[in-house]
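Asker: Quick one, what's the 3D model for this:
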Amino acid sequence: MLRNKITIVFILLFCYLLALDDYKHEYIKTVDKKIIKETYELKKAEEEIVRTYYSEGAIYQSFYDSVNTVRFTIRDSVNRLQIEVERNNNKLYLWGLDQDKKIDKIFDIDDDPWYQAMSYSLYSFALSDKEKIRYWFLRTDKFKVYKMQAIKREIETIYLADQAYKAQKVEVKLTGFLSNFWHSYYWFRLKDGLYLKYEGVNGPPGTPLTSINLIK
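Answerer: Numbers count the residues shown, from 1 in each chain. Model prediction:
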């Protein structure tokens, strides 16, 4: 029993040390003709990792034990959305305010991890020898949870801001029958897993392509 506990501690420590170093990077998001500047910041505290994403006045924060999300918050004064989500065993608890309307929901999930910020959580998969993984994701515009899958595609050289990067391309899809109707792509720097680029359609057919690119 003691040996098992020691092994678990070492595994958690390894996962923590595996995480990317603290950073602050800027990205350009393009949706049709609209251009948005976004900032992604990563900080490692004593017992958790915090990834903060700033976009159009909103602040999104994801809290991790390593790459698995344990808590997530949104503070968006423009759209009047303030929510907090927390995992407890195989349930996600969501509470807060949406347009001044109180929200209180519980979602049942399974043992698979919760990856709320895929641009961070998928980096360890991109660097691993795995070819495919499954995880949970919460859509905060619909307040629904979905089982997702990430599949490794080819390694590519991509060019961003006049700089070349060797990158692992990862395809993200829904699972089951719905996997035929939507997918998107992420690119992670091969040497350390830094999120470089995203391309996907974030809506029904006819929705313009969204692209996000690292600029510095």
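Asker: CA atoms only for the helix or strand harbouring Phe125 - export them in PDB, please.
Answerer: In the assignment (DSSP states H and E), Phe125 maps to helix 123-127. Included here for helix 123-127 are C-alpha records, laid out as PDB according to Å, rounded to 0.1, in the frame of the first residue of the first chain:
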ATOM      1  CA  TYR A 123       0.200  19.700 -25.400                       C
ATOM      2  CA  SER A 124       1.300  16.600 -23.400                       C
ATOM      3  CA  PHE A 125      -0.600  14.400 -25.800                       C
ATOM      4  CA  ALA A 126       1.200  16.100 -28.800                       C
ATOM      5  CA  LEU A 127       4.500  15.200 -27.200                       C
END
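Asker: Let me see the mean pLDDT of that helix.
Answerer: Mean pLDDT, helix 123-127: 96.
Asker: Now the next helix or strand after it: buried residues?
Answerer: Per DSSP H and E, helix 123-127 leads on to strand 132-139 as the next helix or strand towards the C-terminus. Using 16 or more other Cβ atoms under 10 Å as the test for burial, strand 132-139 gives Ile133, Tyr135, Trp136, Phe137, Leu138. In this view, the C-beta of every residue, glycine as well, is placed from N, C-alpha and C.
Asker: Look at the nearest residue to the fourth one once chain neighbours are set aside and tell me its secondary structure.
Answerer: So that's Phe137. With sequence-adjacent residues excluded and distances taken as Cβ to Cβ, 6 or more residues apart in numbering, Phe137 is closest to Met148, at 4.9 Å. Three-state call for Met148 (DSSP: H, G, I helix; E, B strand; the rest coil): strand.
Asker: Show me the helices in the protein, by range?
Answerer: 2-18, 118-121, 123-127 (DSSP state H).
Asker: Quick check: bridge partners of Val50?
Answerer: Applying DSSP bridges to Val50 yields these beta-bridge partners: Lys43, Phe63.
Asker: ok, Ile83 - contacts?
Answerer: Contacts for Ile83 (Cβ atoms under 8 Å, 6 or more residues apart in numbering) come out as Thr73, Ile74, Leu94, Trp95, Gly96, Leu97, Asp98, Ile103, Thr140.
Asker: Recalculate using a threshold of 7 Å.
Answerer: Thr73, Ile74, Leu94, Gly96, Ile103, Thr140 (Cβ atoms under 7 Å, 6 or more residues apart in numbering).
Asker: One more: Tyr53?
Answerer: Glu38, Tyr40, Tyr60, Ala117.
Asker: and the residue nearest to Trp182 when sequence neighbours are not counted, how many neighbours?
Answerer: Using Cβ to Cβ, 6+ apart and skipping residues adjacent in sequence, the residue nearest Trp182 is Leu174, 6.0 Å away. A count of nearby residues for Leu174, using other Cβ atoms under 10 Å, gives 16.
Asker: same check, this time on Thr39
Answerer: Residues near Thr39, counting by other Cβ under 10 Å: 12.
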